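In: build me a model from this:
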Amino acid sequence: MTLNEIQQKLKVPKAQYNSFAKYNFRNAEDIVEAVKPLLGDTGALIMSDEVVLVGDRYYVKAVAVLLDDGKEIARTIGYARETLEKKGFDESQITGSASSYARKYALNGMFAIDDTKDADSHEPVIQTEAKTAAKPIPPKAIADKIQAQKKRIQELCDAKTLVPLVDGEDYKQYVLDNTTLELVPANYPAVIERLEAMK
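Out: Okay, here's the model as predicted:
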């Protein structure tokens, strides 16, 4: 079955209920269960995720891959940001909550499901925090932020050195010499802070 056929036939009712906010919603598990009967004998849906560091915050990057007869026919990615903390949650639960969001958004993208009015299924405190803290960040927004940070670092380096820096290696060495930090995206915020603080 093609992706188009699955999208047309797929029905995922909002079978879950949030008693605090009093609304129905669907979660990633609901979508997966509804898709399975449509995959046929040769189709498969594979989900995976990983934690990635962007700037000084962690995101869960979920990947949904649709296979037919062992060949990939579609791939989508969803992102969700981990909260810094959630009352009553340990670290694994915080990551698990973000993973659920990220997977749901990846599945929404693949199967053309509009969940703009849905939220996740947690209890009152978690529900409120999830709405503000676990919103998915589009990959382009993340890339744009990293690019802007890189540009700012280059501007600061150029302003503080008398010798023009001509390539990436020059910037890397200058940053390492003056901030003791490697010039990698995870360090960009700290590098900017240290360069700005230099006399």
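In: and this protein, what are its domains?
Out: By the assignment in automatic domain parsing, the chain contains the domains 3-137, 140-197.
In: following the chain onward from the helix or strand of the chain with the lowest mean pLDDT, which element is next?
Out: One helix or strand of the chain scores below all others by mean pLDDT, DSSP states H and E: helix 124-133, with a mean of 38. Following helix 124-133 in sequence order, the next helix or strand is helix 139-160 (DSSP states H and E).
In: quick check: mean pLDDT across that next one?
Out: The average pLDDT for helix 139-160 rounds to 83.
In: what's the spacing between that helix and its chain's center?
Out: For helix 139-160, the separation from the chain centroid amounts to 20 Å (computed by CA atoms, centre = their mean, to the nearest Å).
In: what are the buried residues along stretch 36-43?
Out: Residues of stretch 36-43 classed as buried: Leu38, Gly43 (neighbour count, 16 or more other CB atoms under 10 Å). For every residue, glycine as well, the C-beta is placed using N, CA and C.
In: any weak-confidence spans in this protein?
Out: For the chain, applying pLDDT under 70 flags the ranges 82-96, 115-139, 162-164, 199.
In: please enumerate the helices of the protein.
Out: Along the chain, the stretches classed as helices by DSSP state H are 3-9, 28-35, 91-111, 124-133, 139-160, 168-179, 188-197.
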